[in-house]
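Engineer: Could you work out the structure for the sequence below:
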Amino acid sequence: MLYRVEGIVIRSMDYGESNKIVTLLTKTNGKAGVLIRGAKKVKSRHSSLAQPFTYGEYQYFRGTGLGTLNHGEIIESHHDLRMHLDLSAYASYAAELTDRTLQEEEPSVFYFEQLKACLTAFSEGKDPQIVMHVYEMRVLDLSGYAPELEECVSCGNRVGPFKLSAHAGGVLCGRCGGRDPSAAAISESAHKLLRLFRRLDMRRLGAITVKPETKTELKRHMRALMDAQLGLHLKSRNFLDQLDKFV
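Structural biologist: Numbering: from 1, shown residues only. Reported below is the predicted structural model:
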């Protein structure tokens, strides 16, 4: 069967001496594995279509297994994301996170639009850490694990101060904080930003300026939520954390 889709390369691996297999996040057909013949050759007209983060139109034949690329056109290469180490690290994390949380052939229009907007925000020079936290929140939401940040997950109290319980999936008020000894105190500014991230569409993301100390706190809280709710061990995130130590 012949497919013609808009897709973003979220994974690319060598196959044989001259080929590559890419995993596309498509706009209409979920994830799709596609063999691109000759993509490793320097002069191949398809080599750029196999590069990570490439957004393009892909036409491929598929029977019961992998698809085989017939034709493709690049819409946005995202070359800059591959040329800068920090942006490449963030984009790789976004791509791997998407790959690990989205099931094969799962409907993906909204997921596709969110990842596309995430990569665009990186390219536009928006704070990559903040962009990534907003995308992480979208992934939690799309996976069914969005945290409750407006009221206590235990009693429904909407009056703070609160603590964030990653394992309970939201905030605990002063009366209920003792229910989770691992719950972390959360500042008013970080809590406000997390509530914003919780409801923010990546396509409407503007410039957000955050103090360094608040960014450090946000990272701690988002790491705890991602680990407790998804439990994924991602090589790209480990590399990103190592890179942060040297920046």
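Engineer: Just the element for the residue nearest to the spatial centre of the chain, please.
Structural biologist: By CA atoms, centre = their mean, the chain has its centre lying nearest to Ala94, at 3.1 Å. Here Ala94, judged by DSSP states H and E, is contained in helix 85-101.
Engineer: and that helix, which residues are buried?
Structural biologist: Using 16 or more other CB atoms under 10 Å as the test for burial, helix 85-101 gives 87-98, 101. In this view, the C-beta of every residue, glycine as well, is placed from N, C-alpha and C.
Engineer: and Arg138, how many residues sit next to it?
Structural biologist: Arg138 has 24 neighbours, counted by other CB atoms under 10 Å.
Engineer: Need the three-state assignment for it.
Structural biologist: With DSSP: H, G, I helix; E, B strand; the rest coil as the basis, Arg138 sits in helix.
Engineer: May I have the residues that are in contact with it?
Structural biologist: 114, 202 (CB atoms under 8 Å, 6 or more residues apart in numbering).
Engineer: What strand or helix carries Ser12?
Structural biologist: strand 2-15.
Engineer: Give the other helices and strands that that strand contacts.
Structural biologist: strand 19-26, strand 31-36, strand 55-62, strand 67-76, helix 85-101, helix 109-123 (3 or more CB pairs under 8 Å, 6 or more residues apart in numbering; DSSP states H and E).
Engineer: So in that sheet, which strands flank that strand, and in what orientation?
Structural biologist: If you go by DSSP bridges, strand 2-15 pairs up with strand 19-26 (antiparallel), strand 55-62 (antiparallel).
Engineer: For Glu105, give me the pLDDT.
Structural biologist: On the pLDDT scale, Glu105 is placed at 70.
Engineer: and if you look at Val247?
Structural biologist: Looking at Val247, the pLDDT reads 64.
Engineer: Now do the contacts for Gly67.
Structural biologist: 3, 32-35, 60-61.
Engineer: which of the residues you listed has the most neighbours?
Structural biologist: Going by other CB under 10 Å, Val34 tops the contacts of Gly67 with 27 neighbours.
Engineer: just to revisit the earlier point, distance to Leu194 and pLDDT added to the contacts of Gly67, as CSV?
Structural biologist: Converted to CSV, those look like this (distance: CB to CB, whole Å; pLDDT from 0 to 100):
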residue, distance to Leu194, pLDDT
Tyr3, 39, 91
Ala32, 34, 93
Gly33, 35, 95
Val34, 37, 96
Leu35, 41, 97
Tyr60, 40, 95
Phe61, 45, 93
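Engineer: which one of these is nearest Gly72?
Structural biologist: Distance to Gly72, by CB to CB, is smallest for Tyr60 among those, at 8.3 Å.
Engineer: Please report the distance of Tyr111 from Leu97.
Structural biologist: According to CB to CB, to the nearest Å, Tyr111 stands 11 Å off from Leu97.
Engineer: Pop out the phi and psi values for Leu164.
Structural biologist: As for Leu164, its main-chain torsions (degrees, to the nearest 10) stand at phi -100, psi 120.
Engineer: On the pLDDT front, check it for me.
Structural biologist: pLDDT, Leu164: 98.
Engineer: If we ignore the residues flanking it in sequence, what's nearest it?
Structural biologist: Ile186 (4.6 Å; CB to CB, 6 or more residues apart in numbering).
Engineer: What is the distance between stretch 22-42 and the centre of its chain?
Structural biologist: Centroid displacement of stretch 22-42 relative to its chain, using CA atoms, centre = their mean, to the nearest Å, is 18 Å.
Engineer: Correction: the previous question concerned stretch 76-88.
Structural biologist: 15 Å.
Engineer: got the CA coordinates for it in PDB?
Structural biologist: Output in PDB follows, covering the C-alpha atoms of stretch 76-88 (Å, rounded to 0.1, in the frame of the first residue of the first chain):
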ATOM      1  CA  GLU A  76      11.900  22.000   7.400                       C
ATOM      2  CA  SER A  77      15.300  20.500   7.900                       C
ATOM      3  CA  HIS A  78      16.000  21.800  11.400                       C
ATOM      4  CA  HIS A  79      19.700  21.800  10.400                       C
ATOM      5  CA  ASP A  80      20.500  24.200  13.300                       C
ATOM      6  CA  LEU A  81      19.300  21.700  15.900                       C
ATOM      7  CA  ARG A  82      21.900  19.200  14.700                       C
ATOM      8  CA  MET A  83      24.700  21.800  14.600                       C
ATOM      9  CA  HIS A  84      24.500  23.100  18.100                       C
ATOM     10  CA  LEU A  85      25.300  20.600  20.900                       C
ATOM     11  CA  ASP A  86      22.800  22.000  23.400                       C
ATOM     12  CA  LEU A  87      19.900  22.200  21.000                       C
ATOM     13  CA  SER A  88      20.700  18.800  19.600                       C
END
